[in-house]
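[1] just coords:
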């Protein structure tokens, strides 16, 4: 089967940098995605890594190491509005079946 | 505007009743999904459909049913066989080129 593990909660202060990790077990690999979800809202897409390395999108970056079955989301210059839950997700090998990680709740303190 | 539209946003039902949640999309996505989310938890896949007239069970399909008669529509029925149906239900479509999932705003079901 497939599984994705994330820390349950991370706390940081405004202006800081925080890293949210995701380790995965999959049969085959077709890329790792990240989503943000505010309380009561729907998840929104943040980034995608299909190959090893760092992808940067503004204050958010995402990293992937396929050899380590590991990725992370890096949030820089934290703002209060970044307080949300963050999920990593992968498609099951060769299908459109997307599986989500356990989710990490980020609290940004003033 | 293009997107995924779910309705109703809030729904209450009595035990023993079936209820159908609507999901419509105008993004021309072939693949559509239903996820369930319990408070403080992640997203669990109920059903997904890759093409019209075809769908597959996800990890928690028991007590649910779906249909995909049109590309634009993927309704979910929560049946009386679902023992703990109170949850937040999310519908999504997938962009085949990027793999990005687009979610609707969700339907919050409460069983009284």
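    That came through fine. Computed from a predicted model, the values in this text were never measured in an experiment. Numbering: from 1, shown residues only, chains lettered A, B, ... in the order given.

[2] contacting residues for the closest residue to residue B:86 other than its chain neighbours?
    Among residues not flanking residue B:86 along the chain, residue B:111 sits closest, at 4.9 Å (CB to CB, 6 or more residues apart in numbering or on different chains). C-beta: built from backbone N, CA, C; applies to glycine. Going by CB atoms under 8 Å, 6 or more residues apart in numbering or on different chains, residue B:111 touches B:12-15, B:85-86.

[3] buried among those? Need that as a selection in ChimeraX.
    Buried residues among the contacts of residue B:111 (16 or more other CB atoms under 10 Å in any protein chain shown), as a ChimeraX selection:
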select /B:13,85
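
[4] now the strands for chain A?
    A:3-5, A:9-13, A:18-25, A:32-37, A:44-49, A:53-57, A:60-65, A:70-75, A:84-91, A:98-100, A:104-109 (DSSP state E).

[5] may I see those strands arranged in a markdown table, with mean neighbour count, distance to residue B:24 and mean pLDDT as well?
    Putting the strands of chain A into a markdown table (neighbours: other CB atoms under 10 Å in any protein chain shown; distance: least, CB to CB, whole Å; pLDDT from 0 to 100) gives the following:
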| stretch | mean neighbour count | distance to residue B:24 | mean pLDDT |
| --- | --- | --- | --- |
| strand A:3-5 | 16 | 29 | 90 |
| strand A:9-13 | 14 | 35 | 97 |
| strand A:18-25 | 18 | 32 | 95 |
| strand A:32-37 | 23 | 21 | 95 |
| strand A:44-49 | 19 | 19 | 93 |
| strand A:53-57 | 12 | 29 | 92 |
| strand A:60-65 | 19 | 30 | 96 |
| strand A:70-75 | 21 | 31 | 96 |
| strand A:84-91 | 24 | 23 | 94 |
| strand A:98-100 | 21 | 20 | 90 |
| strand A:104-109 | 17 | 31 | 97 |
